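In: Starting from these lines, generate the structure:
(chains A and B)
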2 protein chains.
Amino acid sequence: MSNKGLLAVLSGFAGSGKGTIMKKLLEKYPEDYALSVSATTRHPRPGEEEGREYFFKTEEEFKEMICSGELLEYAGYVGHHYGTPRAYVEDQLSLGKNVILEIEIQGALQIKEKFPDTLLMFVTPPSAVELMNRLKGRGTETEEEIIARLSRAVEEADGCEAYDYLIINDDIDESVANVHRIIESEQLRMRRCLPEIEAIKNDLRTFLKEEEK
Amino acid sequence: MSNKGLLAVLSGFAGSGKGTIMKKLLEKYPEDYALSVSATTRHPRPGEEEGREYFFKTEEEFKEMICSGELLEYAGYVGHHYGTPRAYVEDQLSLGKNVILEIEIQGALQIKEKFPDTLLMFVTPPSAVELMNRLKGRGTETEEEIIARLSRAVEEADGCEAYDYLIINDDIDESVANVHRIIESEQLRMRRCLPEIEAIKNDLRTFLKEEEK
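Out: You can find the predicted model right below:
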């Protein structure tokens, strides 16, 4: 196995529980994972620290990051920009940490294009009824907002077919275990282990040549 | 997740420990796995039972199985034929069992061609030195046989790049856990979960249509 970490993305329907999965995964395996810190053009809120919650940038700085290819993906959201800095992610990966990003489908596909080796996971509640119940249960959205979110979910369900894995979030601990299991398994993918096979092959060849003498 | 089992193949260098991994996997998770029973043209040995160790066939019956597509793969070995009956494997898969076959690269690639969804795993000792030590340690082969097996290993190392996963068998229990983990993860592959996504999408659409009324 190589010592390089894996870049993974967790997306999912609103109300799928992806945020909780992320939180529990990092709590349970703090050694294995690094959270990416996003860059944003919004102003820091009280208590937020540069480089901890976000890297805070001006609009101009943010645009420059886009132009110079410093962002793996970026998107606008209520008047501000958010993006994933490439350098931070690459540093963590080379330290052997798996980096998990919680981003939406558009950003996920941007990253997959730049890094085809990125692992895309999509989180869904076990059924549409459950999805609706969870949205209603949050009690934070109006009926119209819920309808809007459900329409959005239909669109997302089309996009999610481009993902590598589906996490059916019925039980939160099982889902955390599944995400961790997928990432551990993916490290054994043949294309990620070619250096190991190459080393064995070379050693065998050297040994056989010496035997021939 | 669908209830259908997964077809998996375990191959590996002589001395890689793949046989032990198979045995322990089936001992540890008897509910999850079914061993395939091979067809063979060799005669039953005392104590062997039809349908338990092998399905015993005449040369003629075996050829007919080949011609009628009843074998997933087959190969000759010291004057006899061995093959994997398709019907038995398909029955077990539809019962929700994962079927694991321990076969060589040629047979594995035959199966992958017929069933692209087959999972191919290749087992290797952690290094060439370890591979040589294990072969010598068995004490069952002459020096020449060992050299022959190592030459064979170099060829196999080329072929194994077509496999999906590499199991570096350093610790047997860890390898068993890895094989099981890979098979569990692969059941969450998006292409295997499309019916689940489709069902959620349809239910959401129905719900939204009713809301519009």
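In: how near is residue A:142 to chain B?
Out: 13 Å (Cβ to the nearest Cβ, to the nearest Å). For the C-beta atoms, the positions are set from N, CA and C on the backbone; glycine is no exception.
In: now do residue A:147
Out: Distance of residue A:147 to chain B, computed by Cβ to the nearest Cβ: 6 Å.
In: chain center to the strand or helix carrying that residue: distance?
Out: Assignment of secondary structure by DSSP states H and E places residue A:147 within helix A:143-159. Computed by Cα atoms, centre = their mean, to the nearest Å, the chain-centroid distance of helix A:143-159 equals 21 Å.
In: any residue of the following helix or strand past it up close to chain B?
Out: Note on helix A:143-159: by DSSP H and E, the next helix or strand toward the C-terminus is strand A:165-168. Yes. Strand A:165-168 comes into contact with chain B (Cβ under 8 Å from any Cβ of the partner chain), by way of A:165, A:166, A:167, A:168.
In: would TSV of those with pLDDT, distance to residue B:86 and neighbour count be doable?
Out: As requested, those are exported to TSV (pLDDT from 0 to 100; distance: Cβ to Cβ, whole Å; neighbours: other Cβ atoms under 10 Å in any protein chain shown):
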residue	pLDDT	distance to residue B:86	neighbour count
A:165	98	29	26
A:166	97	29	25
A:167	97	33	24
A:168	96	31	22
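In: Please name every helix or strand in contact with the helix holding residue A:147.
Out: helix A:105-114, helix A:128-138, helix B:194-212 (3 or more Cβ pairs under 8 Å, 6 or more residues apart in numbering or on different chains; DSSP states H and E).
In: any idea of the angle the helix or strand just after the first one forms with helix B:194-212?
Out: The element immediately downstream of helix A:105-114 (helix or strand, assigned by DSSP H and E) is strand A:119-124. Orientation check (axes from the mean of the first three to the mean of the last three Cα atoms, to 10 degrees): strand A:119-124 against helix B:194-212 gives 40 degrees.
In: on that earlier part again, would you convert the helices and strands packed on helix A:143-159 into a markdown table that also reports distance to residue A:207?
Out: Output for the helices and strands packed on helix A:143-159, formatted as a markdown table (distance: least, Cβ to Cβ, whole Å):
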| stretch | distance to residue A:207 |
| --- | --- |
| helix A:105-114 | 41 |
| helix A:128-138 | 58 |
| helix B:194-212 | 47 |
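In: Ok, which of those comes nearest residue A:181?
Out: Residue A:181 lies closest, by Cβ to Cβ, to one member of these: helix B:194-212, at 18.2 Å.
In: touching chain A at all, the closest one?
Out: Yes. Judged by Cβ under 8 Å from any Cβ, helix B:194-212 comes into contact with chain A through B:194, B:196, B:197, B:199, B:200, B:201, B:203, B:204, B:205, B:207, B:208, B:211.
In: Any chance of the helices and strands packed on helix A:143-159 in a markdown table with mean neighbour count and mean pLDDT as columns?
Out: Shown next, in a markdown table, are these (neighbours: other Cβ atoms under 10 Å in any protein chain shown; pLDDT from 0 to 100):
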| stretch | mean neighbour count | mean pLDDT |
| --- | --- | --- |
| helix A:105-114 | 18 | 91 |
| helix A:128-138 | 16 | 86 |
| helix B:194-212 | 14 | 89 |
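In: any idea how far residue A:204 is from residue B:146?
Out: Going from residue A:204 to residue B:146 by Cβ to Cβ, to the nearest Å gives 12 Å.
In: Over to residue A:152?
Out: Residue A:152 is 63 Å from residue B:146, by Cβ to Cβ.
In: and those two? which has more neighbours close in?
Out: residue B:146 (18 against 14; other Cβ atoms under 10 Å in any protein chain shown).
In: for chain A, what are the low-confidence residue spans?
Out: Within chain A, the segments meeting pLDDT under 70 span A:1-3.
In: who's in contact with residue A:161?
Out: Residue A:161 is in contact with B:190, B:194, B:197, counting by Cβ atoms under 8 Å, 6 or more residues apart in numbering or on different chains.
In: Would you agree the first one is in contact with residue A:164?
Out: Yes. With contacts counted by Cβ atoms under 8 Å, residue B:190 reaches residue A:164, the gap being 6.0 Å.
In: Can you tell me the closest non-neighbouring residue to residue A:112?
Out: Excluding the flanking residues, the one nearest residue A:112 by Cβ to Cβ, 6 or more residues apart in numbering or on different chains is residue A:118, at 5.1 Å.
In: mind listing what the one you found touches?
Out: Each residue near residue A:118 by Cβ under 8 Å, 6+ apart is listed here: A:7, A:8, A:9, A:108, A:111, A:112.
In: Quick check: the two most widely separated of the residues of strand A:165-168 next to chain B?
Out: Checking those with Cβ to Cβ, the most distant pair is A:165 and A:168, at 10.3 Å.
In: Identify the contacts common to these two.
Out: Common contacts of residue A:165 and residue A:168 (Cβ under 8 Å, 6+ apart): residue B:188.
In: wait, which of the contacts of residue A:118 is closest to residue B:55?
Out: Distances from residue B:55 to the contacts of residue A:118, taken by Cβ to Cβ, are shortest for residue A:8, at 44.1 Å.
In: So for stretch A:137-155, what gets flagged as buried?
Out: By neighbour count on 16 or more other Cβ atoms under 10 Å in any protein chain shown, the buried set for stretch A:137-155 is A:146, A:147, A:149, A:150, A:153, A:154.
In: Could you provide the residues you listed in CSV, with additional columns for distance to residue B:80?
Out: Shown next, in CSV, are these (distance: Cβ to Cβ, whole Å):
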residue, distance to residue B:80
A:146, 66
A:147, 67
A:149, 63
A:150, 62
A:153, 57
A:154, 57
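In: For residue A:174, give me phi and psi.
Out: Main-chain dihedrals, residue A:174, degrees, to the nearest 10: phi -70, psi -40.
In: For it, give its distance to chain B.
Out: Per Cβ to the nearest Cβ, residue A:174 is found 11 Å from chain B.
In: tell me, how many neighbours does residue A:80 end up with?
Out: Neighbour count of residue A:80, defined by other Cβ under 10 Å: 13.
In: Who does it form a beta bridge with?
Out: Beta-bridge partners for residue A:80, by DSSP bridges, are residue A:77.
In: Show the contacting residues for the spatially most central residue of chain A.
Out: Taking Cα atoms, centre = their mean as the criterion, residue A:9 is the residue nearest the geometric centre of chain A, at 1.8 Å. Residue A:9 makes contact with A:100, A:101, A:102, A:103, A:107, A:108, A:111, A:112, A:118, A:119, A:120, A:121, according to Cβ under 8 Å, 6+ apart.
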